[in-house]
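Trainee: structure for the following, please:
(2 chains)
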Amino acid sequence: MATYKVNGKVAEAPAGDKLLPHLIDGGTHVPHYCWHRGLTPAGNCRMCLVKVSNSRKLEVACMYPVSEGLEVTTEGPDVDAGRQAVLEYMLINHPLDCPVCDKAGECDLQDNTFKYRNGHSRFDENKVIRHTKDLGPNVKIWGNRCISCTRCVRFTEEITGTGELSIVNRGDHSVADVHPDVPLDNPMSLNVVDICPVGALIDKNFLYQARVWFSKKVPSVCTGCSRGCNITGTVLHNQVKRLQPRENHDVNGFWMCDAGRLDHEWLSGTDRLRVTKGDAGDLARRLVAVRDRNGAGSVAMLISTAATVEELHLAAKLAQRVQAEVYFLGKVRGARWVSPSGFAIETDKTPNTRGALRVFELDALPPASGVVDAIRAGRIKAVLSINGIHDADWPEGLVDLAPRLELAAALDVCENDWTKVCGSVLPSAAWAEKSGTFVNRDGRLQRIQPIVAATGTAQPDVVWLQQMLIELGERRTAISAEGVLREALRGIDYRQIGQTGVVLDAPSAPAGVGK
Amino acid sequence: MESMESTYRSPETPRGAGVGLRLRSWLARLSIRVYLPSIAAGLAKTMEWMVRPKATLEYPEVQRVSRKGYRGEHRLKKDDQGRPNCVACFMCATACPAECIEIVAMPAPWPDRDKVPVSFRIDMLKCIYCGMCEEACPCDAIELTPTYTRVATSRDEKVYDLVKLLSN
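Mentor: You can find the predicted model right below:
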């Protein structure tokens, strides 16, 4: 460890480490563009200039090593003058189109210009015009705005290993671009939009959807696969406009995959269920009636592994009460994809397979196809499905077998072939509209919270299931999702889970539920 | 009351005045007692207003011309090719203290700009006609006109859309 001084205050860091991360961790504001904690430092934007005792000129903090007795000054007229000069060079060719730029409001260049510059430019010549074009299916580049920081280039080299991007041309004509016939099309391509410090790389799905200063940012957890990446949702007018990764080094680092990022579009789709068909209390009584007529084991519950721990706990209580057989509805897609940096996209596309194993105390989850066989065998007379995602792997033949059932009911988020044949359909709140917890594949308990309001008569499954349990005399009053979690996992509450989750048990990843 | 007394104070008879002067002074005091000057002044004022130009307009046959800079209804300006100047930057909506401007943007079909409004709605019933939108606009696209006379039979009619604002 080396002892050094930052603005007169003593600090400690391993000798040889780069200065910038330690300055930022110590709470010192140092503006920077090309440096990103998840990428190797490049030292090309020159914005993080600081004064160091070992050098007569200003040095870039992202490349300067910590050494014993070093004195660092991060503010003052000479440091500010250096940063102003760097900014002036950047703004020579950067267009002042902030009013129509999607990055405005969360742009580092805009913020620093506001802080360090007086709004005046001495550049009277014509600005260099660079390309504006599609780089891939999701990303578009406004080359004029590019400051050639190479964050995106390093991302495709170091994180995805695909290397589609590079800086082309020289001098003031240099700009990020893809190689000919190689579009920026990898499973993590949209991360370059987040790390772009200016508005050069833009998410085509979010383009002109919202001005960020009107929107609200809410932390949540991605439900796109069993990894459970931490995310931040951008919400405007009660609609999820964008999902972005939230830093959590135990789960996803700084990144998330494109599929998870675009998994919000169905939330406001036209096929969402918004009207209640039937009644929760009535449904509970009818389930009991089927059980009474046909004996124990004549009711089947088809529960999605996208249900939260709270919902699974209540579903287990209901299954016990109506002596139901329980089957699980999963969603397994594609092949596992692991980036060279170790970021993995799982095949189990439901967030809570592990939570289901824990709540039902099973070693393997009975797949949904079992319910079809049981109906064919004439054992099952009623099916209640509890589903939280829009395109689960429904077992083949279930819909055709519906006429053989005395009762078909669904708690679902979207209209599908199964809900169309169901007598009772209770519309559920989707992941963005409810509170709850998921256990990811590594056994980490993470929390989701409502980031938009549910529409129509949709309610969280926790509410529907408790209404049913109250009708059956299992409970007297309904409690919050947090209360249910306290009941399900003794001694764990939402405050403890916090924003980054808690580890429940040792990692041994289960596979998803097959068809 | 004090000021009233001072206004209607009788002229003083000068000291050591002759009979004629005393008489005139007495007549002056009498005329004030019976309000003759006030009646004359009042009648003169009435005559003056009878011949002065009228302030009242025969609305709606005759309409008042607003002074320059009057802040009435908004309009969106068009360029020489008939396209709206607006680039849907939301600066007006950001500056608006009444939050009455609602814009939906889309990528522009023309090469000279990035963004255009696909919908631009102003709720005239929420608007406080402060003109901040006009000041905030970087493209000189929105403007408050001197028009103040629009009436409507429903609230929906007072929510102006893009077509209405462009034709205003």
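
Trainee: in the stretch 301-450 of chain A, what residue comes closest to chain B?
Mentor: When CB to the nearest CB is the measure, the stretch 301-450 of chain A has its nearest residue to chain B at residue A:432, with 21.6 Å between them. C-beta: built from backbone N, CA, C; applies to glycine.

Trainee: which secondary structure state does that residue sit in?
Mentor: Put simply, residue A:432 is helix when judged by DSSP: H, G, I helix; E, B strand; the rest coil.

Trainee: now do it against residue A:269, distance only.
Mentor: In this structure, residue A:432 lies at 12 Å from residue A:269, with CB to CB, to the nearest Å as the measure.

Trainee: who's more crowded, those two?
Mentor: Between residue A:432 and residue A:269, counted using other CB atoms under 10 Å in any protein chain shown, the more crowded position is residue A:432 (24 against 11).

Trainee: so where's the chain shaky on pLDDT?
Mentor: Since you didn't name a chain, this refers to chain A. A:505-515 (pLDDT under 70).

Trainee: wrong one, chain B
Mentor: Within chain B, the set of residues satisfying pLDDT under 70 comprises B:1-16.

Trainee: parallel or antiparallel, which strands does the longest strand that chain B contains pair with?
Mentor: Assignment by DSSP state E gives strand B:115-123 as the longest strand of chain B. Taking DSSP bridges as the criterion, strand B:115-123 sits next to strand B:101-107 (antiparallel), strand B:159-160 (antiparallel) in its sheet.

Trainee: near chain B, which residues of chain A are found?
Mentor: Proximity of chain A to chain B, by CB under 8 Å from any CB of the partner chain, involves residues A:97, A:99, A:100, A:142, A:207, A:208, A:211, A:213, A:214.

Trainee: pull the most distant pair out of those residues.
Mentor: Put simply, by CB to CB the two of the residues of chain A next to chain B set farthest apart are A:142 and A:214, 21.5 Å from each other.

Trainee: tell me which of these two has more neighbours.
Mentor: Taking residue A:142 and residue A:214 together and counting by other CB under 10 Å, residue A:142 has the greater number of neighbours (24 against 13).

Trainee: for beta bridges, what are the partners of that one?
Mentor: Bridge pairing for residue A:142 (DSSP bridges) gives the partners residue A:132.

Trainee: is it true that it touches residue A:200?
Mentor: Yes. Taking contact to mean CB atoms under 8 Å, the distance of 5.5 Å between residue A:142 and residue A:200 places them in contact.

Trainee: could you pull out the helices in the chain for me?
Mentor: Since no chain was named, I'll use chain A. If you assign secondary structure with DSSP state H, the helices in chain A sit at A:19-25, A:77-93, A:108-116, A:151-158, A:191-195, A:258-261, A:280-294, A:309-321, A:353-359, A:369-376, A:417-421, A:461-471, A:481-488, A:494-497.

Trainee: sorry, I should have been clearer: chain B.
Mentor: Taking DSSP H as the criterion, chain B carries its helices at B:2-7, B:19-33, B:36-51, B:91-95, B:132-136, B:162-167.

Trainee: got a markdown table for those helices, with mean neighbour count too?
Mentor: Output for the helices of chain B, formatted as a markdown table (neighbours: other CB atoms under 10 Å in any protein chain shown):
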| stretch | mean neighbour count |
| --- | --- |
| helix B:2-7 | 8 |
| helix B:19-33 | 12 |
| helix B:36-51 | 10 |
| helix B:91-95 | 20 |
| helix B:132-136 | 17 |
| helix B:162-167 | 16 |
